[in-house]
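coords please:
(one chain, ligands or ions: 3)
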Amino acid sequence: MTAPWDDWNHILKLDPDKELPEGVTYGDLCATGTDAIEVGGTMGMTEENMTAVIEACAEHDVPLYQEPSNPSVVVDNAALEGYLIPTVFNAGSPFWITGAHKEWVRLEGSLEWDRTYMEAYIVMNPEADVATLTEADCDLAADDVASYATIAEKMFGQEIVYVEYSGTYGDPEIVEAAAGALDESTLFYGGGIHDYNSAYTMAEHADVIVVGNLAHDEGVSAVRDTVEAANDA
Ligand SMILES: CC(C)=CCC/C(C)=C/CC/C(C)=C/CC/C(C)=C/COP(=O)(O)OP(=O)(O)O
Ligand SMILES: O=P(O)(O)OC[C@@H](O)CO
Ligand SMILES: [Mg+2]
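Ligands and ions are numbered 1, 2, ... in the order given. Model (predicted):
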């Protein structure tokens with residue numbers, strides 16, 4: 001079975017609650033060579049700001065995915081290739097593992113299963129909004145992370161495992177341990193990637209690197225450097 005992310009190296013994650021640097025457009029960011037755009041963030045998400053970013057990226061030739069942080073912000077938009085739905089394996093409450101998902105299905109009745117995909121998150125930065133919201137246990141050693149990756153793949157059938165350091169650069173040895181634990185599943189890494197070298201180091205271990213804040217803080221050429229590193233690694 002082939003999956004959309006099989007040949008991705010780089011994802012650009014755009015946060016609808018954040019501005020772009022002066023003079024930078026969504027079109028410029030879509031043209032950086034990134035393999036896919038994920039629209040999402042933890043705080044400040046609304047249907048309106050999600051839709052605005054989706055529409056701004058819609059006319060550009062890059063696969064577009066929504067990554068909703070809760071069921072109430074999921075938008076139905078023809079420009080979307082699909083939905084990447086988080087589940088947080090190290091969350092403090094089952095709501096962020098299965099509860100939000102159950103509510104989504106209960107409210108919707110049925111979903112577009114053929115374009116709904118899961119991401120098994122392991123949240124590692126205790127300072128990140130996603131960690132506080134989900135009360136994640138971030139006090140994890142490399143063998144803990146590797147074991148979460150193993151159960152995600154082998155016990156829960158997750159096709160994507162996502163080591164998430166949102167806002168800070170992670171420990172490459174931990175990412176390496178997660179990579180070593182996976183046979184089939186695709187490893188996403190995100191957090192603190194800010195230049196060619198930081199991107200290259202993580203892309204040596206992860207299948208796909210995710211770049212977020214850099215787009216909002218620095219802009220196009222910095223993002224392009226990370227795409228180049230992801231493709232080189
Ligand atoms: C069932 C549905 C439709 C949704 C549930 C989705 C779940 C379980 C979400 C929990 C994890 C979460 C909030 C994911 C959002 C994506 C993410 C990790 C964004 C990064 O957020 P940060 O960078 O920490 O936050 P800010 O950018 O808002 O500061
Ligand atoms: O914003 P940064 O730190 O690049 O993190 C990217 C992404 O993993 C956030 O969900
Ligand atoms: Mg963020």
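
hmm, stretch 130-146 touching ligand 1?
Yes: Stretch 130-146 is in contact with ligand 1 by Cβ under 6 Å from any ligand atom, via V130, L133, T134. For every residue, glycine as well, the C-beta is placed using N, CA and C.

Secondary structure, distance to E103 and pLDDT added to the residues you listed, as TSV?
Shown next, in TSV, are the residues of stretch 130-146 next to ligand 1 (DSSP: H, G, I helix; E, B strand; the rest coil; distance: Cβ to Cβ, whole Å; pLDDT from 0 to 100):
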residue	secondary structure	distance to E103	pLDDT
V130	helix	18	98
L133	helix	15	98
T134	helix	15	98
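
By neighbour count, which of those residues wins?
T134 (24 neighbours; other Cβ atoms under 10 Å).

Below-threshold pLDDT in this structure: ranges please.
Within the chain, no range satisfies pLDDT under 70.

excluding its backbone neighbours, what's nearest the residue sitting nearest the centre point of it?
Nearest to the geometric centre of the chain sits V210, at 6.0 Å (Cα atoms, centre = their mean). If the residues on either side of it in the chain are set aside, V210 comes closest to G190, at 3.3 Å by Cβ to Cβ, 6 or more residues apart in numbering.

Next: A52.
P16 (6.6 Å).

Report the contact partners of that neighbour.
Applying Cβ atoms under 8 Å, 6 or more residues apart in numbering to P16 gives the contacts V39, G40, G41, G44, M45, T46, N49, M50, A52, V53.

which among these are in contact with ligand 2?
Within the contacts of P16, nothing lies near ligand 2 by Cβ under 6 Å from any ligand atom.

hey, what's the closest residue to ligand 2 within the chain bridged with?
Residue nearest to ligand 2 within the chain: G190 (2.0 Å; Cβ to the nearest ligand atom). Here G190 sits in beta bridges with E164, V210, as judged by DSSP bridges.

For it, give me its contacts.
Applying Cβ under 8 Å, 6+ apart, the residues contacting G190 are I11, K13, Y162, V163, E164, Y165, S166, I209, V210, V211, G212.

at 10 Å what do you get?
Applying Cβ atoms under 10 Å, 6 or more residues apart in numbering to G190 gives the contacts 11, 13, 38, 121, 124, 162-167, 170, 202, 206, 208-213.

returning to that earlier point: for the residues of stretch 130-146 next to ligand 1, give me JSON lines that also has distance to D183.
What follows is the residues of stretch 130-146 next to ligand 1, written out as JSON lines (distance: Cβ to Cβ, whole Å):
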{"residue": "V130", "distance to D183": "27"}
{"residue": "L133", "distance to D183": "31"}
{"residue": "T134", "distance to D183": "27"}
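
Looking at these, spot the one nearest Y117.
For those, the closest approach to Y117 (Cβ to Cβ) belongs to V130, at 18.3 Å.
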